[in-house]
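**Q** Provided below are the primary sequence and the corresponding predicted coordinates.
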Amino acid sequence: MRDMMAGLLCLLLVSVGTSSVFAGTEPPRKLAMAQVQAPIAVVYPDIGEPYRSVFAQIVSGIEDKAKEKVVNFAVSPNVNIEELKSSLRQQNVKVVIALGRQGMKIAAMLDHDIGVVVGGVITSPENEMRGLPVNSLSPDPALLFSHLKVLMPSVRRVFAVYDARQNGWLIGLAKEAARAQGLELVAHEVQDLRGAVHTYQEIFAAADSRRDALWLLQDSTAVEDGSVLPLVLHESWSNSMAVFSSSFVHVRRGVLFSLYPDNFEMGRHLANTALEYLGTGEYGEQGMILLRDVLMAINLRTADHLGLKPSRKLKYGMVFPEQ
């Protein structure tokens, strides 16, 4: 159940595109009623089940690491910012962990003497980062490529299709990660759906399934669910070519594997960054920080079709088709 709820986080983000809607661990509290003093606050939008339980796991991880130093605020879209700021001052809050794009926008309106750690966003415009640590839900390509090599040691080349407006920041990092694994990353930039379809058709026409694989990014242009993904799944099956993804939901539909957030461990990571800020006044890492607290989802039917026998070296958080 924990792994399924972790996967729901990815499903939620795919469902809403680039906007993020987050849940709290408890019913929204009236800000004026908060009593306990704590130097770390967690700010997240209020939402119902099943996502409330997903984000309860994130906050549980934060609380496990930071202990009694945490106070939580579930806020509505029309939250009174002045009331929130007053409550944070009353409780001597020194750093806020802001979950999701909405949480990040709220945190940007807080007093400048309060530190901000952002978590649970896929990406963020540079002008919104302000030198902050922004913890992405995009799995670290180094982890994806290392898992690929364990599953398919013969792979030498990985193709990817991307929209630079969404994933330009990621491609350079991914190319370095690929080289470290002895892989060549061939990344094709597209600007619209038509270009994406044409590019995938060219990739499948030229690829060698014995040594090539295709990586699907979290990209609403290059990996559009309505027409692009069905094309990719059909061609990959017909050509017996391995496809892996940064999006958990693709594994259920036939992609070989994906990595998705371990919500509890991600919460512990966010808390560790906040504690470091409390101790030193510095964040350590800044800018976009790739997701490294991950679990693995695998499609065994697809693995069997490709003639693969998944290694025992890999631990699977979720298996499809569901057993």
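**A** Thanks, I have the structure now.

**Q** next up, the contacts around residue 319.
**A** 297-298, 300 (CB atoms under 8 Å, 6 or more residues apart in numbering). Every residue, glycine included, has its C-beta placed from N, CA and C.

**Q** nearest to residue 58 among those?
**A** Of all those, the one with the least separation from residue 58 (CB to CB) is residue 297, at 18.5 Å.

**Q** pretty sure the closest one sits against residue 314.
**A** No - counting by CB atoms under 8 Å, residue 297 stays clear of residue 314, with 11.0 Å between them.

**Q** helices of the stretch 1-150 of the chain, residue ranges please.
**A** 2-16, 51-66, 81-90, 100-107, 126-129, 141-151 (DSSP state H, counting those that start in this stretch).

**Q** what's the answer for the stretch 151-300 of the chain, then?
**A** Secondary structure of the stretch 151-300 of the chain (DSSP H, counting those that start in this stretch): helices located at 164-180, 193-206, 228-238, 249-253, 263-280, 300-305.

**Q** could you pull up the mean pLDDT of the second one?
**A** Rounded to a whole number, the mean pLDDT of helix 193-206 is 97.

**Q** ok, residue 269 touching residue 293?
**A** Yes - contact status for residue 269 versus residue 293: in contact at 5.6 Å, counting by CB under 8 Å.

**Q** please name the nearest non-neighbouring residue to residue 282.
**A** Counting by CB to CB, 6 or more residues apart in numbering, residue 282 lies nearest to residue 276, which is 7.0 Å off, once chain neighbours are set aside.

**Q** returning to that earlier point: higher neighbour count, residue 297 and residue 314?
**A** More crowded of residue 297 and residue 314, by other CB atoms under 10 Å: residue 297, with 27 against 13.

**Q** so who does that one touch?
**A** Taking CB under 8 Å, 6+ apart as the test, what residue 297 contacts is 7, 248, 251, 257-260, 316-320.

**Q** how's the protein carved up into domains?
**A** Split into domains by automatic domain parsing, the chain comes to 2-138+262-292, 140-259+295-320.

**Q** lowest average confidence across those, which one?
**A** domain 2-138+262-292 (a mean of 79).

**Q** how near is the spatially closest residue to residue 251 that is not a sequence neighbour to residue 61?
**A** The spatial neighbour of residue 251 that comes closest, neighbours along the chain excluded (CB to CB, 6+ apart), is residue 297 at 4.4 Å. Applying CB to CB, to the nearest Å, the value for residue 297 to residue 61 is 20 Å.

**Q** again, but for residue 281
**A** Taken as CB to CB, the span from residue 281 to residue 61 is 24 Å.

**Q** so between those two, which is more surrounded?
**A** residue 61 (22 against 9).

**Q** is it true that that one touches residue 274?
**A** No - Residue 61 is not in contact with residue 274 according to CB under 8 Å; the separation is 11.9 Å.

**Q** ok, residue 158 - contacts?
**A** Under the criterion of CB under 8 Å, 6+ apart, the neighbours of residue 158 are 145, 148, 178, 183-186, 212-215.

**Q** residue 235: neighbour count?
**A** 18.

**Q** does it touch residue 204 like I think?
**A** Yes - using CB under 8 Å, residue 235 is in contact with residue 204, at 4.4 Å.

**Q** what touches both of the two?
**A** Common neighbours of residue 235 and residue 204 (CB under 8 Å, 6+ apart) are residue 241.

**Q** quickly list what the residue nearest to residue 175 when sequence neighbours are not counted is bridged to.
**A** Nearest non-adjacent residue to residue 175, counting by CB to CB, 6+ apart: residue 185, 4.8 Å away. Beta-bridge partners for residue 185, by DSSP bridges, are residue 158.

**Q** residue 275: neighbouring residues, count only.
**A** What residue 275 shows, counting by other CB under 10 Å, is a neighbour count of 18.

**Q** contact partners for it?
**A** 40, 65-66, 69.

**Q** quick one: which of those residues is nearest to residue 195?
**A** Using CB to CB, the contacts of residue 275 come closest to residue 195 at residue 65, 43.9 Å.
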